[in-house]
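> Only the shape, not the letters, is given here:
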């Protein structure tokens, strides 16, 4: 991860470690407050699974020792495009107190850089939000709305406007 650990004005980005899980679980309600909580033991198992996928990680944005932003990068092997993998970014979240200061954008850019380092030919993300500020956030981070997304959920999708 090219920005992993690189400090800029006390801000650093690195892959999550098991010791980060308590803070990470406290950050996730800033993404979706109505989510069902996950136990620390289940979270540790999921982080281990993510970390075992080559090129994949939960990236943390730390201001000093405070976790202020995060996203999950999954690199997916592929049988097309000459065998080049593609990446999916999910669970993009910034603590509400730190939004609008560029921390989430830096974490996203670090995830994209890591995907390129892993040889991915594209990076995708989806959002259920229709909030103009959220859509502008992704556009400002370099993402374009160029595809039509479809999904099927086991549970109803959240409605945040």
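Yep, that arrived. These numbers were taken from a predicted model, which means no experiment stands behind them.
> can you pull the contacts of residue 93?
27, 28, 30, 31, 69, 70, 71, 104 (C-beta atoms under 8 Å, 6 or more residues apart in numbering). (Glycine included, C-beta is placed from N, CA and C.)
> can you pull out the strands in this protein?
Remark: strands assigned in the chain by DSSP state E are 11-15, 57-63, 66-76, 86-94, 123-125.
> Rebuild those as JSON lines, extending it with mean pLDDT.
Formatted as JSON lines, these follow (pLDDT from 0 to 100):
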{"stretch": "strand 11-15", "mean pLDDT": "97"}
{"stretch": "strand 57-63", "mean pLDDT": "98"}
{"stretch": "strand 66-76", "mean pLDDT": "98"}
{"stretch": "strand 86-94", "mean pLDDT": "97"}
{"stretch": "strand 123-125", "mean pLDDT": "96"}
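> now those as a markdown table including distance to residue 131?
Listed next are the strands of the chain as a markdown table, based on distance: least, C-beta to C-beta, whole Å:
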| stretch | distance to residue 131 |
| --- | --- |
| strand 11-15 | 25 |
| strand 57-63 | 21 |
| strand 66-76 | 17 |
| strand 86-94 | 13 |
| strand 123-125 | 15 |
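> Identify whichever of the ones you listed lies nearest to residue 139.
strand 123-125 (11.8 Å; C-beta to C-beta).
> what pairs with that closest one, and is each one parallel or antiparallel?
Its sheet considered, strand 123-125 pairs with strand 86-94 (parallel) by DSSP bridges.
> Residue 15: neighbour count?
By the criterion of other C-beta atoms under 10 Å, residue 15 has 19 neighbours.
> you'd agree it is up against residue 62?
No - look at residue 15 against residue 62 with C-beta atoms under 8 Å: they stay out of range, at 11.5 Å.
> got a markdown table for the contacts of residue 93, with distance to residue 145 too?
Listed next are those as a markdown table, based on distance: C-beta to C-beta, whole Å:
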| residue | distance to residue 145 |
| --- | --- |
| 27 | 26 |
| 28 | 25 |
| 30 | 24 |
| 31 | 20 |
| 69 | 22 |
| 70 | 23 |
| 71 | 18 |
| 104 | 18 |
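> Is it possible to get a markdown table of those that adds distance to residue 80 and neighbour count?
A markdown table is the format used below for these (distance: C-beta to C-beta, whole Å; neighbours: other C-beta atoms under 10 Å):
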| residue | distance to residue 80 | neighbour count |
| --- | --- | --- |
| 27 | 35 | 20 |
| 28 | 33 | 16 |
| 30 | 36 | 17 |
| 31 | 31 | 15 |
| 69 | 32 | 27 |
| 70 | 30 | 28 |
| 71 | 25 | 24 |
| 104 | 31 | 24 |
